[in-house]
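> pasting the structure only:
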């Protein structure tokens, strides 16, 4: 009789997991911790962390269509715990990696490790860990997005649509734009299947119709759950320009979405704006060249075998690939606030190129030269390059955030010290931070926080930093670090009246003497002309 115990049950499940899946999970987890170790062992305070500590309105999750946050945050809380939350998030990503290599049938250990390293090092992770208190939320969304594909595949029959749709619903309810990862992953599987020379095209068509139904049902469930959560709380959905508008667009908006998607995918491979500073612009071009050559060779093979339906399907998928591999841009309509930060779907082209060199039989003989073998090496070296670039980029972002945090902390301490020597100032007095944004832009953004060169892999541009370190953020940060409550005036008429006085116009700029004065009863700090 088989022994019944927790250990026996765990062992039974563990033995059923293929070795290459275990390798992917372990490799992603270990490398993910190593690649992001800086942020796991340092604290980089950001705007959302401070709001969560003091003024966070939990209803914001509801009105943004993110009802799952309320459930997840009951587990993870609103606090930054670097090692704990970092490990929880990376564990979710590691399981996702195991599922992906299983679905794409990538069994070669070298390429399993490459795919794991890409997932662990992709620079968008740096954005998730920059919001450390909510990073497990993002990784939960990634895991659910991947499971939305897995359950259709695992169950095989139409019944798999139901659990898949539930997972997609939970992913959407966590952060809407991760639907792009689900679509990109399903597209990659369908694309790779067309490289099987004896594949039944009818079977292929009906197989992937199930994915369409799963995504559709998941979106319907998300819509219903959103309406229920809004009805219970009495809130209204904020116009987020994301999934709430996907099926409510005018023709002009639809065309603009397709144009934006095409242009962004083109920039991903050809733009020098983001990565030319380190000479890595060739990496994505290598990946693209491998995909194009392998696709053309397969199309020629299928035509020779007179498999015209399969040829047409592959040709159509190749032509439309920019939209499916980068579906986030169709969702955002060129203007959504659900955009750059969630670009984990941009990792899908690397899944595709690894899948092509592992799951296809492309052998092009040119005398003694095996071009297929060369393409495999090109794909491998391209992936190694993107891994190195990912680690480099992420840690550059972490360090910039850290430098910026230290600079702001010093600035806050200095301002507090200067205010405290002002006899007219009390800690409960409102303060007018005059022209602070201009001052910060000139003195901090261009030196410590400018991150435009890190796009398109990360989204942490000047617009975010200007918002984070506005006068309101400065107040919250000082409150958070020093437990001294400063209150912004938030009274435009009063501030305008102060700004119109000759006394204000003649004041020097901070930190010069006389840059802090009480004018018309309002404590005023003049940061810039």
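Nice, thanks for sending it over. Since the model is a prediction, treat every value here as computed from it, not as a measurement.
> domain assignment for the chain?
15-387, 398-526 (automatic domain parsing).
> most packed of those?
domain 15-387 (a mean of 19; mean count of other Cβ atoms under 10 Å). The way it works is simple: take the backbone N, C-alpha and C, and place the C-beta from them, glycine included.
> any idea of the mean pLDDT in it?
For domain 15-387, the mean per-residue pLDDT is 81.
> got a markdown table for the domains of the chain, with distance to residue 7 too?
Listed next are the domains of the chain as a markdown table, based on distance: least, Cβ to Cβ, whole Å:
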| stretch | distance to residue 7 |
| --- | --- |
| domain 15-387 | 12 |
| domain 398-526 | 39 |
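> all strands for the stretch 251-400 of the chain, in order.
Under the criterion DSSP state E, counting those that start in this stretch, the stretch 251-400 of the chain contains strands at 365-366, 369-370.
> Specify the stretch among the domains of the chain that is closest to residue 6.
domain 15-387 (15.1 Å; Cβ to Cβ).
> And the closest one, end to end?
End-to-end distance for domain 15-387, by Cα to Cα, to the nearest Å: 31 Å.
> Tell me which other helices or strands the helix or strand where residue 209 lies touches.
Element membership for residue 209 (DSSP states H and E) is helix 201-233. Counting contacts by 3 or more Cβ pairs under 8 Å, 6 or more residues apart in numbering; DSSP states H and E, helix 201-233 packs against helix 59-63, helix 135-155, helix 161-172, helix 179-193, helix 308-325.
> Mind putting these into JSON lines with distance to residue 295?
Shown next, in JSON lines, are the helices and strands packed on helix 201-233 (distance: least, Cβ to Cβ, whole Å):
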{"stretch": "helix 59-63", "distance to residue 295": "42"}
{"stretch": "helix 135-155", "distance to residue 295": "22"}
{"stretch": "helix 161-172", "distance to residue 295": "28"}
{"stretch": "helix 179-193", "distance to residue 295": "9"}
{"stretch": "helix 308-325", "distance to residue 295": "5"}
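> I'd like to know how far residue 81 sits from residue 134.
The gap separating residue 81 from residue 134 is 12 Å, by Cβ to Cβ, to the nearest Å.
> sorry, that was for residue 86
12 Å.
> where does residue 107 fall, phi/psi-wise?
Main-chain dihedrals, residue 107, degrees, to the nearest 10: phi -110, psi -20.
> which residue sits closest to it in space, ignoring its chain neighbours?
Leaving aside its chain neighbours, residue 107 sits nearest to residue 20 (4.7 Å; criterion: Cβ to Cβ, 6 or more residues apart in numbering).
> I'd guessed residue 528 sits against residue 509; true?
Yes. Counting by Cβ atoms under 8 Å, residue 528 does reach residue 509; the two are 5.7 Å apart.
> got any residues that touch both of those two?
Taking Cβ atoms under 8 Å, 6 or more residues apart in numbering as the criterion, residue 528 and residue 509 both touch residue 439.
> Give me the nearest residue to residue 285, chain neighbours excluded.
residue 269 (5.9 Å).
> contacting residues around the one you found?
284, 285, 287, 288.
> Same question for residue 225.
Neighbours of residue 225 in contact, by Cβ under 8 Å, 6+ apart: 67, 169, 173.
> can you check residue 383 too?
Contacts for residue 383 (Cβ under 8 Å, 6+ apart) come out as 114, 115, 117, 118, 287, 350, 353, 354.
> Closest one of the residues you listed to residue 317?
Nearest to residue 317 among those, with distances taken as Cβ to Cβ, is residue 353, at 15.0 Å.
> thought residue 143 was touching residue 96?
Yes. Applying Cβ under 8 Å, one finds residue 143 in contact with residue 96, separated by 5.1 Å.
> Please enumerate the helices of the stretch 351-500 of the chain.
371-420, 436-440, 462-468, 471-482, 492-499 (DSSP state H, counting those that start in this stretch).
> Phi, psi for residue 511 please.
Dihedral angles (degrees, to the nearest 10) for residue 511: phi -100, psi 20.
> With residue 219 as the reference, measure out to it.
53 Å.
> before we move on, what about residue 416?
Applying Cβ to Cβ to residue 416 and residue 219 gives a distance of 50 Å.
> Residue 196 now?
30 Å.
> Repeat that for residue 203.
Taking Cβ to Cβ, one finds residue 203 at 26 Å from residue 219.
> Kindly report the same for residue 120.
Taken as Cβ to Cβ, the span from residue 120 to residue 219 is 30 Å.
> same question, residue 496
47 Å.
> before we move on, what about residue 190?
19 Å.
> Same check on residue 390?
If you go by Cβ to Cβ, the gap between residue 390 and residue 219 works out to 31 Å.
> now what about stretch 290-309, what contacts it?
So stretch 290-309 is contacted by 194-195, 197, 201, 310-311, 314-315, 318, 349, 352-353, 356-357, 360, 362, 364, 371, 375, 378-379, 382 (Cβ under 8 Å, 6+ apart).
> ok, residue 72 - contacts?
Residue 72 touches 136, 137, 140, 174, counting by Cβ under 8 Å, 6+ apart.
> Save these as TSV, and put in distance to residue 43 too.
Listed next are those as TSV, based on distance: Cβ to Cβ, whole Å:
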residue	distance to residue 43
136	16
137	18
140	22
174	24
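> and which of those is nearest residue 106?
Distances from residue 106 to those, taken by Cβ to Cβ, are shortest for residue 140, at 23.8 Å.
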